[in-house]
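In: I'd like to go over a predicted model; first the sequence, then the structure.
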Amino acid sequence: MLRRRPEEHPGHFATLMTFDDWAAVEEFAGPGGTGSVVPPAARALLSRFDEHSAHFELLGSHVRRSDRTAAP
């Protein structure tokens, strides 16, 4: 669950991504995995963006009913 507080940063966007392991993060973001991946087209539209990504460990998740395997 993510809560946005509009009074903090109007126009602030956050992108949440999940990866299977740290190697997958580095494959996407490069060695170290901390650099932000912002395509040139997105950079042209943004007034600013973070150069480095914040990483968090997912401790749990909610499975939607449609994603569950049907019981036999």
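Out: Sure, I can see it.
In: list the buried residues in stretch 42-49.
Out: By neighbour count on 16 or more other C-beta atoms under 10 Å, the buried set for stretch 42-49 is empty. C-beta: built from backbone N, CA, C; applies to glycine.
In: any idea how many residues pack against residue 52?
Out: For residue 52, the number of neighbouring residues by other C-beta atoms under 10 Å comes to 11.
In: once you drop chain neighbours, what's closest to it?
Out: In space, residue 52 comes closest to residue 34 once its chain neighbours are excluded; the distance is 5.0 Å by C-beta to C-beta, 6 or more residues apart in numbering.
In: run a quick neighbour tally on the one you found.
Out: Other residues near residue 34 come to 14 when the count uses other C-beta under 10 Å.
In: ditto for residue 25
Out: Neighbour tally, residue 25, other C-beta under 10 Å: 18.
In: how far away is it from residue 52?
Out: 13 Å (C-beta to C-beta, to the nearest Å).
In: next one: the most centrally placed residue in the chain relative to residue 58, how far apart?
Out: Nearest to the mean C-alpha position of the chain, by C-alpha atoms, centre = their mean, lies residue 16 at 2.2 Å. As for residue 16, its distance to residue 58 is 10 Å (criterion: C-beta to C-beta).
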